[in-house]
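1. Model the structure of this input:
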Amino acid sequence: MSIYVGNLSYQVTEDAINTVFGEYGTVRRVQIPTDRETGRVRGFAFVEMASDSEEQAAIDALDGAEWMGRDLKVNKAKPREERPSSGGWGGDNRGRRNDRRY
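-> Here you go, the predicted model:
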(Lines give C-alpha, C1' and ligand atoms only; values in the text may rest on other atoms or scores of the structure.)
Protein backbone atom coordinates (compact mmCIF):
# COMPACT_ATOMS: atom_id res chain seq x y z
CA MET A 1 0.00 0.00 0.00
CA SER A 2 1.10 3.57 -0.42
CA ILE A 3 0.28 7.03 0.84
CA TYR A 4 -1.11 9.87 -1.28
CA VAL A 5 0.34 13.28 -0.38
CA GLY A 6 -1.53 16.20 -1.92
CA ASN A 7 -1.29 19.98 -2.00
CA LEU A 8 2.51 19.88 -2.17
CA SER A 9 4.65 22.87 -2.98
CA TYR A 10 5.92 22.88 -6.56
CA GLN A 11 9.45 23.20 -5.15
CA VAL A 12 9.26 19.88 -3.25
CA THR A 13 12.05 17.34 -3.70
CA GLU A 14 12.29 13.62 -3.11
CA ASP A 15 14.90 14.22 -0.39
CA ALA A 16 12.59 16.63 1.44
CA ILE A 17 9.73 14.10 1.41
CA ASN A 18 12.10 11.35 2.57
CA THR A 19 13.18 13.51 5.51
CA VAL A 20 9.65 14.38 6.64
CA PHE A 21 8.16 10.89 6.26
CA GLY A 22 11.33 9.28 7.63
CA GLU A 23 10.38 10.63 11.06
CA TYR A 24 7.56 8.05 11.11
CA GLY A 25 9.42 5.00 9.79
CA THR A 26 11.35 3.60 6.88
CA VAL A 27 10.54 5.19 3.52
CA ARG A 28 10.85 2.60 0.77
CA ARG A 29 9.95 4.76 -2.21
CA VAL A 30 8.84 8.26 -3.16
CA GLN A 31 7.20 9.04 -6.50
CA ILE A 32 6.62 12.66 -7.52
CA PRO A 33 4.66 12.86 -10.80
CA THR A 34 5.62 15.66 -13.17
CA ASP A 35 3.78 17.30 -16.04
CA ARG A 36 4.75 15.71 -19.38
CA GLU A 37 4.95 18.99 -21.25
CA THR A 38 6.57 21.29 -18.69
CA GLY A 39 8.42 18.83 -16.44
CA ARG A 40 7.02 20.73 -13.45
CA VAL A 41 5.95 18.90 -10.29
CA ARG A 42 2.18 18.34 -10.34
CA GLY A 43 1.63 19.08 -6.63
CA PHE A 44 1.21 15.57 -5.28
CA ALA A 45 3.29 12.47 -4.53
CA PHE A 46 3.08 8.87 -3.45
CA VAL A 47 5.10 7.49 -0.54
CA GLU A 48 5.60 3.83 0.29
CA MET A 49 6.71 2.92 3.80
CA ALA A 50 7.94 -0.33 5.32
CA SER A 51 4.77 -1.18 7.27
CA ASP A 52 1.10 -0.31 7.58
CA SER A 53 1.64 1.00 11.11
CA GLU A 54 4.34 3.41 9.89
CA GLU A 55 2.07 4.59 7.09
CA GLN A 56 -0.78 5.18 9.52
CA ALA A 57 1.50 7.10 11.90
CA ALA A 58 2.60 9.37 9.05
CA ILE A 59 -0.99 9.89 7.89
CA ASP A 60 -2.18 10.73 11.41
CA ALA A 61 0.65 13.19 11.99
CA LEU A 62 0.85 14.90 8.61
CA ASP A 63 -2.72 15.13 7.28
CA GLY A 64 -3.62 18.82 7.56
CA ALA A 65 -0.13 19.82 8.70
CA GLU A 66 1.47 22.91 7.18
CA TRP A 67 4.67 22.22 5.26
CA MET A 68 6.49 24.50 2.84
CA GLY A 69 3.65 27.01 3.18
CA ARG A 70 0.89 24.54 2.21
CA ASP A 71 -1.63 22.48 4.19
CA LEU A 72 -0.95 18.86 3.29
CA LYS A 73 -3.60 16.32 2.36
CA VAL A 74 -2.29 12.89 3.39
CA ASN A 75 -4.23 9.62 3.15
CA LYS A 76 -4.06 6.04 1.90
CA ALA A 77 -3.65 6.00 -1.86
CA LYS A 78 -6.52 4.52 -3.83
CA PRO A 79 -5.69 1.72 -6.26
CA ARG A 80 -4.85 2.97 -9.73
CA GLU A 81 -7.80 2.75 -12.10
CA GLU A 82 -7.38 1.34 -15.58
CA ARG A 83 -7.87 3.96 -18.27
CA PRO A 84 -9.40 3.13 -21.62
CA SER A 85 -6.75 3.02 -24.34
CA SER A 86 -8.81 4.87 -26.93
CA GLY A 87 -6.08 7.39 -27.68
CA GLY A 88 -7.45 10.69 -26.47
CA TRP A 89 -11.04 11.77 -26.50
CA GLY A 90 -12.37 8.24 -26.71
CA GLY A 91 -15.23 6.90 -28.73
CA ASP A 92 -15.63 8.20 -32.25
CA ASN A 93 -15.10 11.91 -31.56
CA ARG A 94 -11.95 12.06 -33.71
CA GLY A 95 -10.83 15.06 -31.66
CA ARG A 96 -14.01 17.09 -32.16
CA ARG A 97 -15.08 17.73 -28.62
CA ASN A 98 -18.27 19.72 -29.07
CA ASP A 99 -18.98 19.22 -32.74
CA ARG A 100 -22.48 17.76 -32.66
CA ARG A 101 -24.57 17.85 -35.77
CA TYR A 102 -28.23 16.97 -35.64
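2. what's the straight distance from one end of stretch 60-76 to the other?
-> When the termini of stretch 60-76 are compared using CA to CA, to the nearest Å, they are 11 Å apart.
3. and for it, what are the contacting residues?
-> The set of residues external to stretch 60-76 that reach it, using CB atoms under 8 Å, 6 or more residues apart in numbering, is 1-9, 11-12, 16, 20-21, 23-24, 55, 58-59. Bear in mind the C-beta positions are built from the backbone N, C-alpha and C, glycine included.
4. as a whole number, average confidence for stretch 79-92?
-> Here stretch 79-92 scores 67 as its mean pLDDT.
5. got it, and stretch 3-12?
-> On average, stretch 3-12 scores 97.
6. Next, the distance between the ends of that stretch.
-> For stretch 3-12, by CA to CA, the gap between its terminal residues amounts to 16 Å.
7. And stretch 37-46, by the same measure?
-> Using CA to CA, the span of stretch 37-46 from its first residue to its last is 21 Å.
8. picking that back up, buried only: go through the contacts of stretch 60-76 for me.
-> Those of the contacts of stretch 60-76 that meet the buried threshold are 2-3, 5, 8, 12, 16, 20-21, 24, 55, 58-59, by 16 or more other CB atoms under 10 Å.
9. Identify, from these, the entry nearest to R42.
-> Checking the buried ones among the contacts of stretch 60-76 against R42 by CB to CB gives L8 as the nearest, at 8.6 Å.
10. which secondary structure element contains that closest one?
-> Element membership of L8, judged by DSSP states H and E, is empty: it is in no helix or strand.
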